[in-house]
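Asker: after the sequence you'll find the predicted model.
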Amino acid sequence: MQTHLAPFVKDTPEGREAEAILRKCVHCGFCTATCPTYQLLGDELDGPRGRIYLIKQVLEGAKPTAKTRTHLDRCLTCRACETTCPSGVDYGRLADIGRAVVEAQAPRPLAERFKRSVIRHGIANAGVFDFLLKAGQTATPLLPQSVREKIPSSRPQTSWAPLRHARRMLVLDGCVQPSIAPNINAAASRVLDAVGISLERVTDAGCCGAVDFHMNAQAAAKVRMRRLIDAWWPRMEAGVDTIVVTASGCGVMLRDYAHVLAEDPEYKSKAARIAGASKDLVQVLGERRDELLALPRIGSAQKRIAFHAPCTLQHGLRLAPQVESLLRDLGFRLAAVPDAHLCCGSAGTYSILQPELARRLRANKQAALLSEHPEEIVTANIGCMTHLQAGAPTRVRHWIELVADLIGRPR
Ligand code: SF4
Ligand code: SF4
């Protein structure tokens, strides 16, 4: 695609990057067929090709409007289009650049900015989120159904494996996961302990920055990233070489640290090291597959499960087949899931900001996951887990909890 970027962006790092991405797009439209919002709305401008065209127009000097923003807001940043694209167009990165320009040139009304700021701070600050969650759970009976279904119920905290192995890894706690599902990282610690790895936490390391970053508060996101790096750095200097991530949404963000902080002279090399050290849990267990499969078991794998592959796992990290393969090797029967490439509608804060579209996507996804009547649904990201659990007739949990129950380490 030919481009003629406007002077305000042409010679900036973002402009050069956007231009290179835009030039790869041949406008074939293959991506449109796999875009969840195009499937729901049927409007070219609510599909990747149309959004690419909108961003191109803005970068070439056209004045964005509220309508431009709406089409970009409706995008889930699920990146299904990237997986489909035969030309390797990095749509997600282009959307980040385009959204930042649109946000600056067509600012939102004050009330909307305030609402988005409240949501960002409420989610990304673990202490604030914990308080709000507990308050919401207490007041649940008084709340309307539409709000009630968004409040996850408490899940029990189970025991953390002792730090007894020489091989140590760090784990990302994150912002909402410790409050909603503390058992995920505890289960990961027990399974890793069983294969000879001790999992360490650095308390108060905070959010990875993904919530701010994807709500276009990129400066605030960088503050959180630097804070997280500072919290982890003493352990990295002491020799820790792996950061285990149990939420694929955070995993994609950590992998992008090197890129996001590339212009920061003080942090760029640290960010690159953190990005290189971060691994999804399935990658770490994949390296210990033989030990994991040889462990004695107290639970049963004789059940049918449906695996929901989060977009961040399948389109961002491209790791979904590894989870499915590991679960199959452990003996679980995996139900077929039609249209597994489509987003469930969680997408970070999307389910709060675009509730109607998110509800429709969730209903479609739940129907697909339940089509072969699995006994339970497992996934790999806290956001998808809580979103899918609302209204689901079966339990939805992280796949590592299933594995921890199977090998039955002390709880
Ligand atoms: S599939 Fe790729 S090249 Fe084709 S329109 Fe979509 S982004 Fe452009
Ligand atoms: S990221 Fe997802 S929602 Fe956005 S354009 Fe691509 S496929 Fe559509």
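Answerer: Received it, and whenever you're ready, just let me know what you need. Ligands and ions are numbered 1, 2, ... in the order given.

Asker: contact partners for the residue in the stretch 151-300 of the chain that ligand 2 sits nearest to?
Answerer: Using C-beta to the nearest ligand atom, residue 214 is the residue of the stretch 151-300 of the chain that sits closest to ligand 2, at 11.3 Å. The C-beta positions use only the backbone N, C-alpha and C, and glycine is treated the same way. For residue 214, the contacting residues are 77, 348-349, by C-beta atoms under 8 Å, 6 or more residues apart in numbering.

Asker: change it to 6 Å
Answerer: With contacts defined as C-beta atoms under 6 Å, 6 or more residues apart in numbering, the neighbours of residue 214 are residue 348.

Asker: could you do residue 355 as well?
Answerer: By C-beta under 6 Å, 6+ apart, residue 355 has no neighbours at all.

Asker: any idea how far it is from residue 124?
Answerer: Counting by C-beta to C-beta, to the nearest Å, the separation of residue 355 from residue 124 is 20 Å.

Asker: go on, residue 155?
Answerer: 21 Å.

Asker: following the chain onward from the helix or strand of the chain with the lowest mean pLDDT, which element is next?
Answerer: Least confident element among the helices and strands of the chain, by mean pLDDT, DSSP states H and E: helix 145-148 (a mean of 69). Toward the C-terminal end, the helix or strand that comes next after helix 145-148 (DSSP states H and E) is strand 168-171.

Asker: could you find the closest non-adjacent residue to the most centrally placed residue in the chain?
Answerer: For the chain, residue 249 is the residue whose C-alpha lies nearest the centre (C-alpha atoms, centre = their mean; 1.7 Å). In this structure, residue 249 finds its nearest non-sequential neighbour in residue 312, 4.6 Å apart by C-beta to C-beta, 6 or more residues apart in numbering.

Asker: and the protein, what are its domain boundaries?
Answerer: 7-105, 112-148, 168-285, 296-407 (automatic domain parsing).

Asker: quick one: which of these is nearest residue 1?
Answerer: domain 7-105 (4.8 Å; C-beta to C-beta).

Asker: the more surrounded of residue 155 and residue 124?
Answerer: Each of residue 155 and residue 124 has its neighbours counted (other C-beta atoms under 10 Å); residue 124 has more, 26 against 17.

Asker: surely the more buried one meets residue 207?
Answerer: Yes: in this structure residue 124 lies within contact range of residue 207 using C-beta atoms under 6 Å: 4.3 Å.

Asker: between those two, what contacts are shared?
Answerer: What both residue 124 and residue 207 touch, as defined by C-beta under 6 Å, 6+ apart, is the set residue 175.

Asker: quick one, phi/psi of the residue of the stretch 201-350 of the chain found nearest ligand 1?
Answerer: In the stretch 201-350 of the chain, the residue that lies nearest ligand 1 is residue 315 (13.1 Å; C-beta to the nearest ligand atom). Dihedral angles of residue 315 (phi, psi; degrees, to the nearest 10) stand at phi -100, psi -30.

Asker: which of the domains of the chain has the lowest average pLDDT?
Answerer: Least confident of these, judged by mean pLDDT, is domain 112-148 with a mean of 84.

Asker: the helices in the stretch 201-350 of the chain, which residues?
Answerer: Under the criterion DSSP state H, counting those that start in this stretch, the stretch 201-350 of the chain carries helices at the ranges 210-214, 218-237, 248-255, 257-260, 268-277, 281-287, 289-294, 311, 320-329, 350-353.

Asker: which SSE is residue 86 in?
Answerer: Judged by DSSP H and E, residue 86 forms part of no helix or strand.

Asker: find the residue closest to it in space, skipping its chain neighbours.
Answerer: Going by C-beta to C-beta, 6+ apart, residue 86 has residue 30 as its nearest residue, at 6.2 Å.

Asker: again, but for residue 94
Answerer: Nearest to residue 94 is residue 21, by C-beta to C-beta, 6+ apart, at 4.6 Å.

Asker: all strands for this structure, in order.
Answerer: Under the criterion DSSP state E, the chain contains strands at 168-171, 198-201, 243-245, 278-280, 304-307, 333-334, 376-379, 396-398.

Asker: and the fifth one, what other elements does it pack with?
Answerer: Put plainly, it is strand 304-307. strand 376-379 (3 or more C-beta pairs under 6 Å, 6 or more residues apart in numbering; DSSP states H and E).

Asker: equivalent analysis for the shortest one, please.
Answerer: With contacts taken as 3+ C-beta pairs under 6 Å, 6+ apart, strand 333-334 sits against no other helix or strand.
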